[in-house]
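**Student:** sequence first, predicted coordinates after that:
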Amino acid sequence: MELAAGADLAVRRRRNGRVVAGVAGGIADHLGVEVFWVRAVFAALTALNGVGVIAYGLLWIFVPQRVTGEPGEAPLKPRERQQAVGLLALGLGAAVLVTLLTGAVSGWIVGPMAVALVGAAVVWREADEAQRRRWRDGARSGVLGKSGRSTLIRIAAGVALVALGIGVLVVTTYQLDQIQFTLVAVLATLAGVALLTVPLWIKLVNDLGEERSARIRTEERAEIAAHLHDSVLQTLALIQKQAEAPREVRRLARGQERQLRDWLYGRDVGDTARPTTVSAAIALASGEVEDTFAISVQQVVVGDCALDHNLLAMVQAAREAMVNAAKHAGVAEISVYGEVEEDGVTVFVRDRGKGFDPESVPEDRHGLADSIRGRMVRHGGEAKLRTSPGEGTEVHLEMPRKQEARS
Amino acid sequence: MTEGKRVRVFLVDDHALFRAGVRAELDSISDEIEVVGEAGSVGEAVAGIGHHRPDVVLLDVHMPDGGGAAVLAQVRTALPDVVFLALSVSDAAEDVIAVIRAGARGYVTKTISSQELVRAVVRVSDGDAVFSPRLAGFVLDAFADRPGAAPIRDPELDLLTPRERDVLRLLARGYAYKEIASELFISVKTVETHVSSVLRKTQLSNRYELSRWASDRRLV
């Protein structure tokens, strides 16, 4: 047969327009000819001592199916299906007839073999029915999908037919009273079933892998879509509504950016409510200040360690320092730098704002004295302040990492 | 860079909207900078940079078909005079370190203010390195001597001097060069020298942390 132009694609069994397993359709697609002719050739080959059946079976096993959703597949027309079934029956009938006429195998063996063949066909067909159902049910189903009663009945019927066929074969060959031959019949049946189901297992393993990776992809996509919908799209909608309020827009955008970053780069995701490390706690505190005061907090943390009682107090003090800067410094950005070392943790909170004269802070303003310095000292650390009017403010916090402090 | 001459800048970013925004900002804010061209893909960038011979390329780290590192790999040997400044929204150490190791002379985030971006462009065009606080943090992290770290093979490249460490810490704390200089009682020129030296070490060192970050992005 001559290759048609554009037939450079690998052979793929059809998924949609198929009667048995899509082998003929796949070959027709590959060669660029009418599927009818391919089926006719298979039927004709079947007449030649069943060569067509064997060829078809081998192609079924070794030619992979098309990937789901691949374009260029027309569904099967009812007339075409009838035609194909007719060709199939014709081929099998011709095979039986040819065998009978040539006498290559005696007539009494052909009848049972035909019965066995029909049984085999039922079981083989069932393999792909089960697959189709699995794909349809997608993620929910396991290896065999929802194995309904009809599946079982059909498999059982197939097996029974095989058993019958082989049993009759054995029984007619030998005498009924020869009990050991009944055993042989049973064993032969079992062997027949095993043989019949081999392709099923091979295909099962192949298709399962393909299906699983497809499912994982789908699930990932669904998760990303859900996340983007819950976060980014909602925020964008809010921003459009608030377009007249730049401060609010900035706050929304910043909060959303932070959330998306956490999610993309896997920083303390899912643990934002109760951070367990110093870096996560500082990130959370910075985020809260950003959200509350609509300013930007540039935070850098080098190293990391688990959060304990003292370090938590330190992060709270740092948060207070950020709040002070956000409220009083009159700047759009604060820098926070944390460094975790062997013997201690250091945090700097800095702004380039207006600064102040520490001496002039009124007595009733307890922010710095209590929330920052007092808190640090109570937990065994210390706080230093560097500021002067016009020079910005820097709060320097230090907490030793010894375990001797109260826990 | 001689005085009075404008810095010729080429923009590489796969988001046309972002390119337009940066271009408008740079054009309106400063006479020091002239945007000579832009590109939205690695291929366009390689061709455009070869054609325009800009002084500075503003390079997006993340792009389809390889990103900023791919552009650097294809252009840098042919045009050693072109300076690259990475511009990214990425927060991941491996992205940042990878593009620095591929040859960029600095890294700034896309949220940088226009004035600071202009300053950064002018500074890299003068041959300096530009470290955003975040990059300074990553480099400090990579060069930290934590217990159980891989042995140091080349002290010249694998260790930072105490002074370089001080400079990096101040950078990470958000200090400008001038502020660092007065804080450490050194000249701005010395600060620049330290930062350039840190950049060189970051690019050339085979320290485990750095090569790990880079190899995560299939570089080096």
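**Tutor:** Looks like it arrived, so ask away.
**Student:** for B:T109, what are phi and psi?
**Tutor:** Per-residue torsions, B:T109: phi -90, psi 160 (degrees, to the nearest 10).
**Student:** how about the closest residue to B:L159 other than its chain neighbours, what does it touch?
**Tutor:** Leaving out its chain neighbours, the residue that sits closest to B:L159 by C-beta to C-beta, 6 or more residues apart in numbering or on different chains is B:I152, at 6.2 Å. All C-beta spots, glycine's among them, are computed from the backbone N, C-alpha and C. Residues counted as contacts of B:I152 (C-beta atoms under 8 Å, 6 or more residues apart in numbering or on different chains) are B:158-159, B:207.
**Student:** now swap in A:K384 and tell me
**Tutor:** Taking C-beta under 8 Å, 6+ apart as the criterion, A:K384 is in contact with A:395-396, A:398.
**Student:** which of those fall within strands?
**Tutor:** Assignment to strands by DSSP state E places the following of these there: A:395-396, A:398.
**Student:** any idea which of those residues has the most stuff around it?
**Tutor:** Compared across the ones in strands among the contacts of A:K384, A:V395 has the highest neighbour count, 26 neighbours, by other C-beta atoms under 10 Å in any protein chain shown.
**Student:** shouldn't that one be in contact with A:D351?
**Tutor:** No. Contact criterion C-beta atoms under 8 Å: A:V395 and A:D351 do not qualify, at 9.4 Å.
**Student:** what parts of chain B come near chain A?
**Tutor:** Within chain B, the positions lying close to chain A (C-beta under 8 Å from any C-beta of the partner chain) are B:91-92, B:111, B:133-134, B:136-137, B:140-141, B:144, B:146-147, B:169, B:172-175.
**Student:** circling back: of the contacts of A:K384, closest to A:V205?
**Tutor:** Nearest to A:V205 among these is A:E398, at 61.2 Å by C-beta to C-beta.
**Student:** find the nearest non-adjacent residue to B:T109, please.
**Tutor:** The shortest distance from B:T109 to any residue other than its chain neighbours is 5.9 Å, reached at B:S132 (C-beta to C-beta, 6+ apart).
**Student:** what's the burial count for the one you found?
**Tutor:** 24.
**Student:** just B:S182 next, same as before
**Tutor:** A count of neighbours around B:S182, defined by other C-beta under 10 Å, yields 13.
**Student:** tell me the pLDDT of the one residue in chain A that gets nearest to chain B.
**Tutor:** Closest approach of chain A to chain B (C-beta to the nearest C-beta) occurs at A:S335, with a separation of 2.8 Å. Listed pLDDT for A:S335 reads 91.
**Student:** name the strands paired with the host helix or strand of it and say parallel or antiparallel.
**Tutor:** Following DSSP states H and E, one finds A:S335 within strand A:333-340. According to DSSP bridges, strand A:333-340 has the following sheet partners: strand A:296-302 (parallel), strand A:344-351 (antiparallel).
**Student:** just name the most buried of these.
**Tutor:** Here the criterion is mean neighbour count by mean count of other C-beta atoms under 10 Å in any protein chain shown, and of the strands paired with strand A:333-340 the winner is strand A:344-351, at a mean of 25.
**Student:** in the next helix or strand after that one, which residues are buried?
**Tutor:** The helix or strand immediately downstream of strand A:344-351 is helix A:375-378, counting by DSSP H and E. When neighbours are counted by 16 or more other C-beta atoms under 10 Å in any protein chain shown, the buried residues of helix A:375-378 are found to be A:375-376.
**Student:** next: stretch A:86-95.
**Tutor:** Quick answer for stretch A:86-95 (16+ other C-beta under 10 Å): A:87-88, A:90-92, A:94-95.
**Student:** which residues touch the residue of chain B found nearest chain A?
**Tutor:** Among the residues of chain B, B:G174 lies nearest to chain A; the distance is 2.8 Å by C-beta to the nearest C-beta. Contact partners of B:G174, counting by C-beta under 8 Å, 6+ apart, are A:298, A:333, A:335, A:337, A:350, A:352, B:133.
**Student:** of all these, which two lie farthest apart?
**Tutor:** Comparing every pair within the contacts of B:G174 by C-beta to C-beta identifies A:Y337 and A:R352 as the most remote, at 14.1 Å.
**Student:** more crowded one of the two?
**Tutor:** Neighbours around A:Y337 and A:R352, counted as other C-beta under 10 Å, are more numerous at A:Y337. The numbers are 28 against 21.
**Student:** can you tell me how far the more buried one sits from B:I112?
**Tutor:** Between A:Y337 and B:I112 the computed distance is 17 Å (C-beta to C-beta, to the nearest Å).
**Student:** likewise for A:A294?
**Tutor:** 19 Å.
**Student:** OK, contacts around B:R6?
**Tutor:** With contact set as C-beta under 8 Å, 6+ apart, B:R6 has these partners: B:31-34.
**Student:** wait, isn't B:L168 in contact with B:V139?
**Tutor:** Yes. Checked against C-beta under 8 Å, the pair B:L168 and B:V139 is within contact range at 6.1 Å.
**Student:** what is in contact with the two at once?
**Tutor:** With contacts taken as C-beta under 8 Å, 6+ apart, B:L168 and B:V139 have B:131, B:198 as neighbours in common.
**Student:** show me what the longest helix belonging to chain B is packed against.
**Tutor:** When secondary structure is assigned using DSSP state H, the longest helix within chain B turns out to be helix B:188-204. Applying 3 or more C-beta pairs under 8 Å, 6 or more residues apart in numbering or on different chains; DSSP states H and E, one finds that helix B:188-204 contacts helix B:93-101, strand B:130-131, helix B:133-143, helix B:155-158, helix B:162-172, helix B:177-184.
**Student:** repeat the analysis, applying 7 Å as the threshold.
**Tutor:** helix B:93-101, helix B:162-172, helix B:177-184 (3 or more C-beta pairs under 7 Å, 6 or more residues apart in numbering or on different chains; DSSP states H and E).
**Student:** can I get those helices in JSON lines including mean pLDDT?
**Tutor:** Formatted as JSON lines, the helices and strands packed on helix B:188-204 follow (pLDDT from 0 to 100):
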{"stretch": "helix B:93-101", "mean pLDDT": "83"}
{"stretch": "helix B:162-172", "mean pLDDT": "91"}
{"stretch": "helix B:177-184", "mean pLDDT": "90"}
